[in-house]
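Asker: okay, predicted coordinates and the sequence, questions at the end:
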Amino acid sequence: MKKTLFLAVIIGMAFHTSYTYAQQLPDSLLPDANLRDCIKYALSHQPVVRQSMIDEAITEATIKSKLADWYPQINLDYNIQHYLQVPTSYFNGSPIRAGVENSSTVGFSLNQNLFNRDVLLASRTARDVRNQAKQNTASSQIDVITNVSKAYYNVLLTKRQISVLEEDIIRLERSQKDAYNQYQGGIVDKTDYKRANISLNNAKGQRKTAQEQLNSAYAQLRQLMGYPNTGDLKLIDDTLQMESEVSLDTSVTVTYENRIEYQLLQTQQRLLQAELTYNKWSFLPTVSAFANYNAAYLNNEFSKLYNNNFPNSFFGLKLSVPIFQGTKRTQNIRAAELQLKRTDWDFASLRSQISTEYTQAMAAYKSNFYNYTLQRQNMQEAKEVYDLIALQYKEGVKTYLEVITSETDLRSAQLNYFNSLYDVLSSKIDLQRSLGTLTANN
């Protein structure tokens with residue numbers, strides 16, 4: 001297992017992704033929220049983002065801990081001991097008890113690293129390790145922005161579906177009343193009235209389904225935002241604003257460096273280069289300076305132990321040269337070189353993946369945008385057809401079946417329009433993400 005700084009930080013951050021966000025920010029409620037408000041709230045309250053920020057703080061503390069080894073290391077050692085039996089030594093061939101029954105030592109030691117490859121690696125990789133932590137946070141933010149945006153549009157879509165169904169129910173109730181009056185007047189048989197009842201019941205059933213879906217959509221949005229479950233969340237339902245946001249310049253081409261995944265891989269490559277250099281440094285000596293001062297107290301009587309001090313002090317330079325380690329260093333260098341070479345294929349794989357994502361996202365956006373324009377036209381024409389047939393029915397020109405059919409077409413056209421609006425907005429988000437333009441700074 002490699003014991004370098006950046007690997008230690010990566011492992012530490014992996015464990016801390018399960019860190020429980022215990023210190024929740026104070027709950028606050030949004031009055032009338034648009035998409036920007038929801039995203040801003042999520043970036044401040046979503047546990048995943050907050051955990052990433054805590055990981056940044058953990059990384060910073062780890063870096064400072066490693067860099068602290070450049071500073072002088074000062075230690076204090078104290079001991080006191082009593083001999084139950086004083087040690088015996090031979091002097092001129094005779095055993096002699098040498099020493100005193102009681103002794104105590106107070107020692108101060110200072111050590112200063114002059115060249116140490118572990119500390120040098122920490123210095124050289126500190127910037128990239130910090131950058132990696134920030135990039136992980138940025139990646140979490142992009143995920144949150146994507147998910148919150150889609151959930152936000154899903155709520156608005158469901159609300160518009162309910163509005164369409166409620167308008168449809170009003171029309172059907174009016175048609176039902178007209179059909180009933182004509183049936184009572186003997187103008188038509190009860191078939192039209194029964195058909196009106198069937199259509200009305202179907203519309204009410206669809207509305208109930210949509211209302212339950214709205215509760216589910218709100219719950220999902222709250223969860224993605226980190227919003228209080230019991231808090232009232234009011235969204236600004238502005239269809240014109242949503243329509244104004246569907247357009248996107250499709251002439252823009254993908255730039256790999258804009259993607260956070262590519263940036264993370266670049267940072268990882270630099271850290272692996274530092275790892276290779278670190279292993280090459282294993283042939284160099286470790287150099288440190290040291291100084292020690294020891295106060296020694298000796299006495300056979302414990303009460304007089306600290307009456308006399310017999311100090312000693314020294315300083316020096318320590319150089320440790322690794323000579324042979326069974327080819328361990330050579331194999332570590334070889335492994336680091338292969339790991340670095342492997343990232344070339346990681347880049348190739350990621351570029352292919354990004355290109356595919358961009359192509360798919362662009363195709364989906366163009367397709368959904370085209371369908372959106374068609375559905376908008378269909379909705380307008382279906383409204384004109386319904387108004388005309390409803391008027392002709394009152395004048396006795398059209399049958400009630402044609403009214404029901406046109407009304408069903410209108411409802412379907414309106415629902416298809418709002419579905420297409422959601423699809424194009426959702427695919428726009430995917431396209432922006434594939435281009436690397438969907439960031440917290442936008």
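Answerer: Thanks, I have the structure now.
Asker: residue ranges with poor pLDDT in the stretch 301-442 of the chain?
Answerer: Counting by pLDDT under 70, the stretch 301-442 of the chain shows low-confidence ranges at 442.
Asker: let me see the ranges of the helices in it.
Answerer: Remark: helices assigned in the stretch 301-442 of the chain by DSSP state H, counting those that start in this stretch are 328-394, 400-435.
Asker: mind putting those helices into TSV with mean neighbour count and distance to Y262?
Answerer: C-beta coordinates here come from the backbone N, C-alpha and C atoms, glycine included. TSV is the format used below for the helices of the stretch 301-442 of the chain (neighbours: other CB atoms under 10 Å; distance: least, CB to CB, whole Å):
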stretch	mean neighbour count	distance to Y262
helix 328-394	15	6
helix 400-435	21	12
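Asker: mind checking which of these is nearest W70?
Answerer: Comparing these by their distance to W70 (CB to CB), the top pick is helix 328-394, with 23.7 Å.
Asker: show me what that closest one is packed against.
Answerer: helix 260-280, helix 400-435 (3 or more CB pairs under 8 Å, 6 or more residues apart in numbering; DSSP states H and E).
Asker: hmm, try it at 10 Å
Answerer: helix 117-184, helix 260-280, helix 400-435 (3 or more CB pairs under 10 Å, 6 or more residues apart in numbering; DSSP states H and E).
Asker: closest one to K190 among the helices of the stretch 301-442 of the chain?
Answerer: Going by CB to CB, the one of those nearest K190 is helix 400-435, 11.2 Å.
Asker: what about the closest one, distance to the chain center?
Answerer: 31 Å (CA atoms, centre = their mean, to the nearest Å).
Asker: now stretch 429-436
Answerer: On the basis of CA atoms, centre = their mean, stretch 429-436 sits 16 Å off its chain's mean C-alpha point.
Asker: measure the residue nearest in space to the middle of the chain to R222 for me?
Answerer: Most central in the chain under CA atoms, centre = their mean is S140, positioned 1.8 Å from the mean C-alpha point. Distance, S140 to R222, using CB to CB, to the nearest Å: 18 Å.
Asker: now swap in Q73 and tell me
Answerer: Distance, Q73 to R222, by CB to CB: 51 Å.
Asker: between these two, which is the more surrounded one?
Answerer: R222 (18 against 14; other CB atoms under 10 Å).
Asker: pretty sure that one is touching P228, no?
Answerer: Yes: between R222 and P228 a contact is recorded at 7.3 Å, counting by CB atoms under 10 Å.
Asker: thinking again about what came up before, can you list the helices of the stretch 301-442 of the chain in TSV and add distance to I58?
Answerer: Below are these laid out as TSV (distance: least, CB to CB, whole Å):
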stretch	distance to I58
helix 328-394	24
helix 400-435	27
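Asker: tell me the contacts of K304?
Answerer: By CB atoms under 10 Å, 6 or more residues apart in numbering, K304 lies in contact with 102, 297.
Asker: isn't there a strand covering F108?
Answerer: Yes: under DSSP: H, G, I helix; E, B strand; the rest coil, F108 falls within a strand.
Asker: tell me which of the helices of the stretch 301-442 of the chain sits nearest to R171.
Answerer: For R171, the closest of the helices of the stretch 301-442 of the chain is helix 400-435, at 6.1 Å, according to CB to CB.
Asker: quick one: secondary structure of the spatially closest residue to A126 that is not a sequence neighbour?
Answerer: Leaving out its chain neighbours, the residue that sits closest to A126 by CB to CB, 6 or more residues apart in numbering is I63, at 4.9 Å. Three-state call for I63 (three-state DSSP): helix.
Asker: tell me how far I63 lies from N416.
Answerer: Per CB to CB, I63 is found 55 Å from N416.
Asker: equivalent analysis for R342, please.
Answerer: R342 is 49 Å from N416, where distance means CB to CB.
Asker: ok, now F315?
Answerer: Computed with CB to CB, the distance linking F315 and N416 is 85 Å.
Asker: same deal with L388?
Answerer: Applying CB to CB, one obtains 20 Å for the distance of L388 from N416.
Asker: can you check F302 too?
Answerer: F302 sits 97 Å away from N416, taking CB to CB as the criterion.
Asker: then S427?
Answerer: For S427, the distance to N416 equals 16 Å [CB to CB].
Asker: got it, and L121?
Answerer: Relative to N416, L121 is positioned 60 Å away (criterion: CB to CB).
Asker: follow-up on the earlier one: the residue nearest to the residue nearest to the centre of the chain when sequence neighbours are not counted: helix or strand, and which one exactly?
Answerer: Excluding the flanking residues, the one nearest S140 by CB to CB, 6+ apart is S52, at 4.4 Å. Using DSSP states H and E, S52 sits within helix 47-67.
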